[in-house]
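Student: Just to be clear, the model below is a prediction. Sequence and coordinates:
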Amino acid sequence: MLLALVLPLSSEVVTTLSARPNLLAIALVAALLFAAAAWIGGAWATALGFAGVLCAAITTLALLRDPDIGGSAAIGFWVMVLAAWLGAALCVVELASMRPRDGASRRLLNLAIPLLFGAVVFYLWEVLVRGFGVPSVILPSPSAAAARFASSLPTLGQDFVQTFIRGVLIGYAIGCGAGLLVAIVAQRFAFLGRGLLPLGNFFSALPLVGVAPIMVMWFGFDWPSKAAVVALVTFFPMLVNTLAGLSASGHMERDLMRSYGADHRQTLTKLYLPAALPFIFNALKINATLALIGAIVAEFFGTPTQGIGFRISTEAGRMAIDMVWAEIALAAIAGMAFYGLVALAERATTFWHPSYRT
């Protein structure tokens, strides 16, 4: 941070940080905070370090608003970025090494580490794109994509309903439900399992870009064809994982159920399905991401004038890359939220599993 006081900030004009008193003061505060963090050590060092990182980030982002620096940043600017990155890295590593005793602190720490890591990644993305003057048609800055996201909320809402609510959720329910039911039947009748597994493997190996146009021809251009693609994509992972889970119970548990005189229905509900729940939720989490990918890819081959895949395809052709990234962000947020809900349901249902008790 102190090197930035004397090194040039721009390769176009001779300018230093001393010509900007406000930013100079913030940079000096960042340097003092970094020095204090190194001197004090311990838990307070992490807090002081993050404060210094925040001051360094504010300084660099404010400098990028200067047209003489944005796109032609020199070594003085980049040493500040390096200082911010190194400080953030040290603080995140220190946070990851902490082992709080109470559960609330552990949950807060587990949430804070990925959020801080993601914030650093977006900061580096922002300063690298704007500092080197990367054209927006190649890679827009996160601020540009966020601004386009905020200004296009009605369009993004329509695309979300078309792709996720109609295509993903309906296809996900059909594919996962069918895979679960077929696996239960196949576990009851061994010859069905031997015959269905190779067939399911065959359908899972079909290329998505080849299946999607066929589904469009069969079910039309609207959401039913996208739901059909999602159902096909999610069927086989659920079938395989459920079959493995239904076979996870040991011989002692099965002998115990037989000694109690339990019929197949009772054994299924009291033994096989509870033992298979971790495997079923594993398939549900895998399918949570596969379903969204399948629906978006299917929209490339025919859809009404809305949908995430349709918007990505059309806006990329118009070179509106900021809108493409806004749609990508929408898909990422929806996918993470969907995965998180499935994970929460798994935690609430399989709390007895050793992976949660140890």
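Tutor: Structure's in. What do you need? Numbering: from 1, shown residues only.
Student: Contact partners for the residue lying closest to residue 158 once chain neighbours are set aside?
Tutor: Closest residue to residue 158 apart from its sequence neighbours, by CB to CB, 6 or more residues apart in numbering: residue 306 at 4.9 Å. Where C-beta positions appear, they are placed from N, C-alpha and C, glycine not excepted. For residue 306, the contact set (CB atoms under 8 Å, 6 or more residues apart in numbering) comprises 158, 159, 162.
Student: Of those residues, just say which sits nearest to residue 324.
Tutor: Nearest to residue 324 among the contacts of residue 306, counting by CB to CB, is residue 159 at 12.0 Å.
Student: and the closest one, helix, strand or coil?
Tutor: helix (DSSP: H, G, I helix; E, B strand; the rest coil).
Student: so what's the residue nearest to it when sequence neighbours are not counted up against?
Tutor: In this structure, residue 159 finds its nearest non-sequential neighbour in residue 308, 4.9 Å apart by CB to CB, 6+ apart. The contact partners of residue 308, by CB under 8 Å, 6+ apart, come to 159, 160, 162, 163, 164, 295, 296, 299, 327, 330, 331.
Student: Out of the residues you listed, give me the one that has the most neighbours.
Tutor: residue 295 (32 neighbours; other CB atoms under 10 Å).
Student: What separation is there between that one and residue 347?
Tutor: 26 Å (CB to CB, to the nearest Å).
Student: same check, this time on residue 144
Tutor: 37 Å.
Student: Please identify which of the two sits among more neighbours.
Tutor: Between residue 144 and residue 347, counting by other CB under 10 Å, residue 144 is the more crowded of the two (18 against 12).
Student: So the more buried one sits against residue 321, correct?
Tutor: No. Using CB atoms under 8 Å, residue 144 is not in contact with residue 321, being 9.1 Å away.
Student: Give the intersection of the neighbour lists for the two.
Tutor: With CB under 8 Å, 6+ apart, residue 144 and residue 321 have common neighbours residue 136.
Student: re the thing from before, which one of the contacts of residue 308 is nearest residue 93?
Tutor: residue 331 (31.0 Å).
Student: Make sure that closest one is indeed in a helix.
Tutor: Yes. The assignment for residue 331 is a helix, going by three-state DSSP.
Student: Give the closest residue to residue 174 in space, chain neighbours not counted.
Tutor: Spatial nearest neighbour of residue 174, excluding adjacent residues (CB to CB, 6+ apart): residue 231 at 4.2 Å.
Student: burial of the one you found, as a residue count?
Tutor: As a burial measure, residue 231 scores 22 neighbours (other CB under 10 Å).
Student: Same check on residue 266?
Tutor: For residue 266, using other CB under 10 Å, the count is 12.
Student: For whatever helix or strand it lives in, which residues meet the burial criterion?
Tutor: Here residue 266 sits within helix 264-267, counting by DSSP states H and E. Buried residues in helix 264-267, counting neighbours by 16 or more other CB atoms under 10 Å, are found at residue 267.
Student: Rounded mean pLDDT for that helix, please.
Tutor: For helix 264-267, the mean pLDDT works out to 70.
Student: That helix packs against which elements?
Tutor: helix 251-259 (3 or more CB pairs under 8 Å, 6 or more residues apart in numbering; DSSP states H and E).
Student: how about the helices of the stretch 251-358 of the chain, start to end?
Tutor: 251-259, 264-267, 273-298, 308-317, 321-349, 354-357 (DSSP state H, counting those that start in this stretch).
Student: which one of those helices lies closest to residue 211?
Tutor: helix 273-298 (8.4 Å).
Student: Can you spell out which helices and strands pack onto that closest one?
Tutor: Checked by 3+ CB pairs under 8 Å, 6+ apart, helix 273-298 has helix 169-188, helix 208-219, helix 223-246, helix 308-317, helix 321-349 packed alongside it.
Student: mind checking how far the last one is from the chain centre?
Tutor: Read that as helix 321-349. Centroid separation for helix 321-349 versus its chain: 6 Å, with CA atoms, centre = their mean, to the nearest Å.
Student: Pull out the buried positions in it.
Tutor: Using 16+ other CB under 10 Å as the test for burial, helix 321-349 gives 321-327, 329-331, 334-335, 338-339, 342, 346.
Student: With the second one instead?
Tutor: Buried residues in helix 208-219, counted by 16+ other CB under 10 Å: 211, 212, 215, 216.
Student: residue contacts, the third one?
Tutor: Right, residue 215. 225, 226, 228, 229, 232, 298.
Student: Neighbour-wise, which one of these leads?
Tutor: residue 226 (33 neighbours).
Student: before we move on, the earlier item: now the helices of the stretch 251-358 of the chain as JSON lines including distance to residue 87?
Tutor: Compiled in JSON lines, these are given as follows (distance: least, CB to CB, whole Å):
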{"stretch": "helix 251-259", "distance to residue 87": "54"}
{"stretch": "helix 264-267", "distance to residue 87": "59"}
{"stretch": "helix 273-298", "distance to residue 87": "34"}
{"stretch": "helix 308-317", "distance to residue 87": "36"}
{"stretch": "helix 321-349", "distance to residue 87": "27"}
{"stretch": "helix 354-357", "distance to residue 87": "35"}
